[in-house]
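Undergrad: no sequence on this one, just coordinates:
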C-alpha cells in the first residue's frame with residue numbers, strides 16, 4: 001500500500017473511532033463518519049492544491065472574485081469566507097445541508113436576514129450567484145460600519161451587535177469567531193485588518 005493509502009486508512013479509522021465514541025446512535029455515527037471523512041479529504045486537498053481547489057471551488061471562485069471586484073472587496077476575501085462557510089461542498093451549496101443556526105447555501109446566509117435563501121431548494125446556480133451578490137453587499141456594508149476588513153469578517157460570522165459589544169469591552173467574541181477571522185486572514189492577509197483576540 002502506498003503512503004497516501006496508509007494515510008487515508010489511518011484517517012478513516014480515526015474518524016470512525018471518534019464518531020462511534022461521540023454519538024448515541026448508529027445513524028448519527030454514520031453521518032458523523034461521513035462528515036469527518038469529507039472534512040479530512042477537503043483538508044488534504046486544501047493542503048496539496050490550495051483552498052480554491054476544494055470541491056466546487058474551481059466553479060465558484062471566479063464568480064466570488066467578480067463580486068469582490070464589483071463591491072470593492074479585497075481579492076479573495078469573499079471567496080475565502082465562502083470556503084470557510086461551505087468548503088465548497090455540493091450539499092451545502094444546494095441547501096440540502098442546513099447549519100445548526102439555520103444558515104443556508106455557499107455563503108451560509110440566514111433566511112430571516114437574507115432573501116436569496118428564501119427560495120425553493122435545491123438552489124440553482126443563479127440562486128447561488130444571487131446569494132454571492134447579497135453576501136458581498138453585506139460584507140461591503142460591514143466594512144463601511146467598521147472601516148476594518150477584519151472586524152467586518154468578524155461581524156459576518158458573529159453579528160454586528162456582538163462585534164459592537166466586543167469593541168465596547170462588554171462582550172468577548174467567541175473562540176469560533178476569533179479562529180474564523182484568524183484562518184481567513186492567514187490565507188488573505190490584509191494590512192491593517194484587525195484580528196480579534
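TA: Ah, there it is. None of the values given here were measured: they were computed from a predicted structure.
Undergrad: OK, contacts around the residue nearest the centre of the chain?
TA: Using CA atoms, centre = their mean, the residue of the chain that lies closest to the mean C-alpha position is residue 85, 1.3 Å off. With CB atoms under 8 Å, 6 or more residues apart in numbering as the criterion, the residues that contact residue 85 are 92, 103, 106, 107, 108. Heads up, the C-betas are built off the backbone N, CA and C, glycines and all.
Undergrad: change it to 10 Å
TA: Neighbouring residues of residue 85 by CB atoms under 10 Å, 6 or more residues apart in numbering: 92, 99, 103, 105, 106, 107, 108, 109, 135, 156, 157, 180.
Undergrad: Report the buried members of those.
TA: When the contacts of residue 85 are checked for burial by 16 or more other CB atoms under 10 Å, the buried set is 92, 103, 105, 106, 107, 108, 109, 135, 156, 157, 180.
Undergrad: Kindly indicate which of the residues you listed lies nearest residue 73.
TA: Distances from residue 73 to these, taken as CB to CB, are shortest for residue 135 (9.9 Å).
Undergrad: helix or strand for the closest one, which one?
TA: Secondary structure assigned from DSSP states H and E places residue 135 in helix 125-146.
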